[in-house]
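sequence and predicted model, in that order:
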Number of protein chains: 2
Amino acid sequence: MTDGYTIAVVGAGLVGDRLVSELRRRDFPIKELRVLARSARRSTLAGEEFEVGVAEPEAFEGVDFAFFAGTEGEKGAAVQLAQEAISRGAVVIDNGSDFRMDPDVPLVVPEVNADALEDHNGLIANANCSTITMLLPLSPLVDRFGARRVVVSTYQAVSGSGRGGVEALEDGREDVYPRPIAGNAIPMIGDVGDDGYTTEETKMRRESRKILGLPDLEVFATAVRIPVHTSHSESVYVETEREATLAEVLETLREAPGVQLFEDPEDFPTPLEATGDPSTFVGRVRVEGNVISFWCVSDNLLKGAATNAVQIAESLINVKV
Amino acid sequence: MTDGYTIAVVGAGLVGDRLVSELRRRDFPIKELRVLARSARRSTLAGEEFEVGVAEPEAFEGVDFAFFAGTEGEKGAAVQLAQEAISRGAVVIDNGSDFRMDPDVPLVVPEVNADALEDHNGLIANANCSTITMLLPLSPLVDRFGARRVVVSTYQAVSGSGRGGVEALEDGREDVYPRPIAGNAIPMIGDVGDDGYTTEETKMRRESRKILGLPDLEVFATAVRIPVHTSHSESVYVETEREATLAEVLETLREAPGVQLFEDPEDFPTPLEATGDPSTFVGRVRVEGNVISFWCVSDNLLKGAATNAVQIAESLINVKV
């Protein structure tokens, strides 16, 4: 092992904060930790004071890993700066959505497809938070029972929209969502495409296909914002190729990496309990023939973003997954 | 027409309030309106002062229609009093869940199966709020395209649990839900059965089958409480027998009784907008081959309860549907 790596965290918002906290909590070997943003300022991330530098090409000199925080639905800084960082020798791990479907860019959830990291060109994409949450339980089920189609409805937290989303919920800020979110449910995350699906819903379909390596998997998603601060929940229905029993499904989920299973049918995970934990929580498991239904929840800022990004870097340096 | 009917509203909670307001708003021909509850008191319902009487057998003397408000998940007063009311000549319309699956009791959503009213024994059941919301758009789609299976995830408001639910959301009352509901999502409405489905989810399956007259229809529901005051939302996926086009589906929904359709793919209904309106709002319509997906919202206290109950009475006296 080296004496540690030089890290750049690009973005000083909620995901930037969680990237710092996950790098520290997981003891990532760090020689130097830089935080970069649009403008220079003094900022506290994860309880630590930083002299935030300007995210410009020269700031990536000497950087080994550059984590771009991205923001749900917005073009990330990675579009401008990823190649600058890569040309200076950094590996870029982008939490934004700009490069995920690029065939030259691995799209990785380490528990599912760490092998995709074997061949990269300096840029690796972190999957969408909603995709990650669903794939942790889905992937081992698909491996064991096969999958014909997935129907998923999401219950997404406002922190997925960054601090603005939190302000919309807590202070009634009006320029973040198309309707008030306090006491409401908004079935529109991102823009609507020609097929009527939103960008968020299309991400869940396309990213699942790419990560699972199943280009024809049918995924029908409906993405909904609800008045929850943090942690996305999802109601997932899967039609499998082979019939499964409840015992087999529970056994599979019990052993699934990154999953914490609620086996007691009367118990269940909720966003309040999942927040602050890097696991994906799964409960309400029901099995009827070749239909498996479950409820899953994970912290959209941790496993949905920062934790997954740090795990990608860990996989690259073979520390652990 | 007579000089109006003698009406008893049993229950002075949120649904009782809406029963009074819907009877007044729809100009139901009323000679006398009695409100009955567990104890006598002076109470304001829908802005009107009532001397609330005790719900006891004698209170139903001379009553033509007795509306029992019921409460989601609780045994209703109808179990004790419905036969007493019927034996005194009343027709009972029960919003509770105790009699819905009784083969001798019609379970009615007037826009869908008013014909079931032709043969009753004095007791008619109002369907579950979540079932009604979904069936308004679903029924005409099933009629036109056939249905193989329905997958539905709900986003249910706290007023479905009565005033206690509202207090749980607004004041943190702790004895109503198994977890805090403010800033949270609770995937457990009612009790869990042996198959892992909750009573609320099983109601959606069984009631849909009975009302649509499709005893084998596959309905996979996941029922979730979210921090919304009033109006239930649902994400619905339908596999039809025949392939449909978006134009055909929109045409069907545009003409569907009781439905207000949001046709613009960028627009959508939300609980805040649906509250106070007796319609079921439908939007986010997507069609791919034999899969139709949509989002629907309706006021759980109005079309989900009071409006539907009053419509049943109207059908019986042939005023209007």
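Arrived safely.

what's in contact with the helix or strand of chain A with the lowest mean pLDDT?
For chain A, using mean pLDDT, DSSP states H and E, the weakest element among its helices and strands is helix A:78-87, scoring a mean of 94. By C-beta atoms under 8 Å, 6 or more residues apart in numbering or on different chains, the surrounding residues in contact with helix A:78-87 are A:8, A:10, A:55-57, A:60, A:63, A:66, A:68, A:70, A:92, A:94, A:96, A:98-99, A:121-123. Heads up, the C-betas are built off the backbone N, CA and C, glycines and all.

domains for chain A, by residue range?
As given by automatic domain parsing, the domain ranges for chain A are A:5-126+A:304-316, A:130-300.

what segments of chain A are strands?
In chain A, the strands defined using DSSP state E lie at A:5-10, A:30-37, A:41-45, A:48-54, A:65-68, A:91-94, A:107-108, A:123-126, A:149-155, A:218-222, A:232-239, A:259-261, A:280-288, A:291-298.

of these, which stretch is the most buried?
With neighbours defined as mean count of other C-beta atoms under 10 Å in any protein chain shown, these peak in mean count at strand A:65-68, which reaches a mean of 30.

could you list the alpha-carbon positions for that strand in CSV?
Extracted in CSV, the C-alpha atoms of strand A:65-68 (Å, rounded to 0.1, in the frame of the first residue of the first chain):
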residue,chain,number,x,y,z
PHE,A,65,-9.3,9.8,-7.2
ALA,A,66,-11.8,12.6,-8.1
PHE,A,67,-15.3,12.1,-6.8
PHE,A,68,-17.9,14.3,-8.6
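
mind listing what that strand pairs with, with the direction of each?
Here strand A:65-68 has these sheet partners by DSSP bridges: strand A:5-10 (parallel), strand A:91-94 (parallel).

spatially nearest residue to whichever residue of the stretch 1-150 of chain A sits closest to chain B (excluding sequence neighbours)?
In the stretch 1-150 of chain A, the residue found nearest to chain B is A:Arg149; the distance is 8.7 Å by C-beta to the nearest C-beta. Distances taken as C-beta to C-beta, 6 or more residues apart in numbering or on different chains put A:Glu218 closest to A:Arg149, at 3.8 Å, once the chain neighbours are dropped.

so what's that neighbour up against?
A:148-150.

report the lowest-confidence entry in the residues you listed.
Least confident of those in the model: A:Arg148, at 94.

worst mean pLDDT among the domains of chain A?
Looking at the domains of chain A, the bottom one is domain A:5-126+A:304-316 with a mean of 94.

measure it end to end?
12 Å (C-alpha to C-alpha, to the nearest Å).

just to revisit the earlier point, as a markdown table, the strands of chain A with distance to B:Leu253 would be great.
Below are the strands of chain A laid out as a markdown table (distance: least, C-beta to C-beta, whole Å):
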| stretch | distance to B:Leu253 |
| --- | --- |
| strand A:5-10 | 45 |
| strand A:30-37 | 47 |
| strand A:41-45 | 48 |
| strand A:48-54 | 51 |
| strand A:65-68 | 42 |
| strand A:91-94 | 40 |
| strand A:107-108 | 36 |
| strand A:123-126 | 38 |
| strand A:149-155 | 19 |
| strand A:218-222 | 16 |
| strand A:232-239 | 23 |
| strand A:259-261 | 39 |
| strand A:280-288 | 29 |
| strand A:291-298 | 26 |
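
which parts of the least confident helix or strand of chain A are buried?
The neighbour-count check on helix A:78-87 (16 or more other C-beta atoms under 10 Å in any protein chain shown) flags A:78, A:81-82, A:84-86 as buried.

same deal with stretch A:302-318?
A:302-316.

just these: which are in helices?
A:307-316 (DSSP state H).

of all the strands of chain A, which one is nearest B:Ser231?
strand A:149-155 (15.8 Å; C-beta to C-beta).

quick one: strands adjacent to the closest one?
Going by DSSP bridges, the partners of strand A:149-155 are strand A:218-222 (parallel), strand A:232-239 (antiparallel).

which residues does that strand contact?
A:130, A:134, A:138, A:189, A:200, A:204, A:208, A:217-224, A:226, A:228, A:232-239, A:271, B:151, B:153, B:155, B:185, B:222, B:224, B:226, B:235, B:237.

tell me what angle that strand forms with strand A:291-298.
30 degrees (axes from the mean of the first three to the mean of the last three C-alpha atoms, to 10 degrees).

who in the stretch 201-321 of chain A is up against chain B?
Residues of the stretch 201-321 of chain A lying close to chain B (C-beta under 8 Å from any C-beta of the partner chain) are A:220, A:222, A:224, A:226-229, A:233, A:235, A:237, A:246, A:265-266, A:268, A:270-273, A:283-288, A:291, A:293, A:295.

now with 6 Å?
A:220, A:222, A:226-229, A:233, A:235, A:237, A:265-266, A:268, A:270-272, A:284, A:286, A:293, A:295 (C-beta under 6 Å from any C-beta of the partner chain).

contacts only, for the residue of chain A positioned farthest from its centre.
In chain A, counting by C-alpha atoms, centre = their mean, A:Gly289 sits farthest out from the average C-alpha position, at 30.8 Å. By C-beta atoms under 6 Å, 6 or more residues apart in numbering or on different chains, the contact list for A:Gly289 reads A:Glu243.

may I have the phi/psi pair for it?
Reported as degrees, to the nearest 10, the phi and psi values for A:Gly289 are phi 60, psi -120.

do you know how far A:Asp143 is from A:Asp191?
33 Å (C-beta to C-beta, to the nearest Å).

A:Asp216: neighbour count?
6 (other C-beta atoms under 10 Å in any protein chain shown).

can you report how many residues lie near the closest residue to it other than its chain neighbours?
With C-beta to C-beta, 6+ apart as the criterion, A:Asp216 has its nearest non-adjacent residue at 7.5 Å, and that residue is A:Arg209. Number of residues near A:Arg209 (other C-beta under 10 Å) recorded here: 16.

for A:Arg209, give its distance to B:Asn290.
According to C-beta to C-beta, A:Arg209 and B:Asn290 sit 20 Å apart.

equivalent analysis for A:Gly183, please.
From A:Gly183 to B:Asn290 the distance is 36 Å (C-beta to C-beta).

compare those two (neighbour count), which wins?
A:Gly183 (21 against 16).

which ones are touching the more buried one?
Going by C-beta under 6 Å, 6+ apart, the list of residues near A:Gly183 reads B:228-229.

what do you get for the one 3 residues further on?
Shown in contact with A:Ile186 (C-beta under 6 Å, 6+ apart): A:177, A:179, A:225, B:270.

does the residue lying closest to it once chain neighbours are set aside have beta-bridge partners, and which?
Counting by C-beta to C-beta, 6+ apart, A:Arg225 is the residue found nearest to A:Ile186 once chain neighbours are left out, at 4.4 Å. Partner residues in beta bridges with A:Arg225, using DSSP bridges, are A:Gln156, A:Ile186.

neighbours around A:Arg225, how many?
29.

just to revisit the earlier point, from the ones in helices among the buried residues of stretch A:302-318, pick the one nearest chain B.
Nearest member of those to chain B, counting by C-beta to the nearest C-beta, is A:Thr307, at 21.0 Å.

contact partners for the residue lying closest to the closest one once chain neighbours are set aside?
Using C-beta to C-beta, 6+ apart and skipping residues adjacent in sequence, the residue nearest A:Thr307 is A:Pro278, 4.2 Å away. Residues near A:Pro278 by C-beta under 6 Å, 6+ apart: A:302-303, A:307.

A:Ala66 now?
Here A:Ala66 is in contact with A:8, A:85, A:90, A:92 (criterion: C-beta under 6 Å, 6+ apart).
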